[in-house]
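*Asks:* After the sequence you'll find the predicted model.
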Amino acid sequence: QQTDRAVIIADPHDRIEWVNQAFTNLTGYSEQDALGKSAGALLSGPETDIDTLKLVAESLTALRPFSFQLVNYRKDRSPYWTEVEVYPLFTDTGQHDGFLSIQQDVT
């Protein structure tokens, strides 16, 4: 199924394992560019709100779904506003297995 929303799958340490084509279209980063990096580190820039990033870190640690809006930056360093939904992923036995992140450009 195709989607115009950027999708990121990250490991339990928030390192990117997979991105879809919409992520590349939105950010300019290929999957190879993104693999192994934190989405926050990759996409943050001078206008990214530090307080929002702190709330994101707390929510990731708490393993609860959350959503937020903030300014991210493309590979060419141009800014865009995004609405992000993050969901923790778990194995069938309940072990934390990573995160699913869905971004929508709301510029």
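*Replies:* Cool, the structure landed.
*Asks:* in the protein, which ranges drop under the pLDDT threshold?
*Replies:* When residues are selected by pLDDT under 70, those of the chain lie in 1.
*Asks:* residues contacting Asn20?
*Replies:* 3, 6-7 (CB atoms under 8 Å, 6 or more residues apart in numbering). Bear in mind the C-beta positions are built from the backbone N, C-alpha and C, glycine included.
*Asks:* Now the phi/psi pair for it, please.
*Replies:* Main-chain dihedrals, Asn20, degrees, to the nearest 10: phi -90, psi 180.
*Asks:* what separates it from Lys54, distance-wise?
*Replies:* Distance of Asn20 to Lys54, given as CB to CB, to the nearest Å: 27 Å.
*Asks:* Could I get the full set of strands for this structure?
*Replies:* 6-10, 16-19, 66-73, 79-90, 96-105 (DSSP state E).
*Asks:* before we move on, back to that, which member of the contacts of Asn20 is positioned nearest Ile50?
*Replies:* Ranked by distance to Ile50 (CB to CB), these are led by Ala6 at 22.2 Å.
*Asks:* That closest one: neighbouring residues, count only.
*Replies:* 25 (other CB atoms under 10 Å).
*Asks:* just checking, it touches Glu31?
*Replies:* No: shown here, Ala6 and Glu31 do not form a contact pair, counting by CB atoms under 8 Å, at 11.7 Å.
*Asks:* any common contacting residues for the two?
*Replies:* 19, 23.
*Asks:* coming back round to it: now render the strands of the chain as CSV, adding distance to Leu60.
*Replies:* Converted to CSV, these look like this (distance: least, CB to CB, whole Å):
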stretch, distance to Leu60
strand 6-10, 9
strand 16-19, 13
strand 66-73, 9
strand 79-90, 7
strand 96-105, 7
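*Asks:* The residue lying closest to Gln69 once chain neighbours are set aside: neighbouring residues, count only.
*Replies:* Using CB to CB, 6 or more residues apart in numbering and skipping the chain neighbours, the partner closest in space to Gln69 is Glu83 (5.0 Å). For Glu83, the count of nearby residues is 14 (other CB under 10 Å).
*Asks:* cool, and Ile50?
*Replies:* Ile50: 9 neighbours (other CB under 10 Å).
*Asks:* just Thr61 next, same as before
*Replies:* For Thr61, the neighbour count with other CB under 10 Å is 9.
*Asks:* Right, I'll leave it there.
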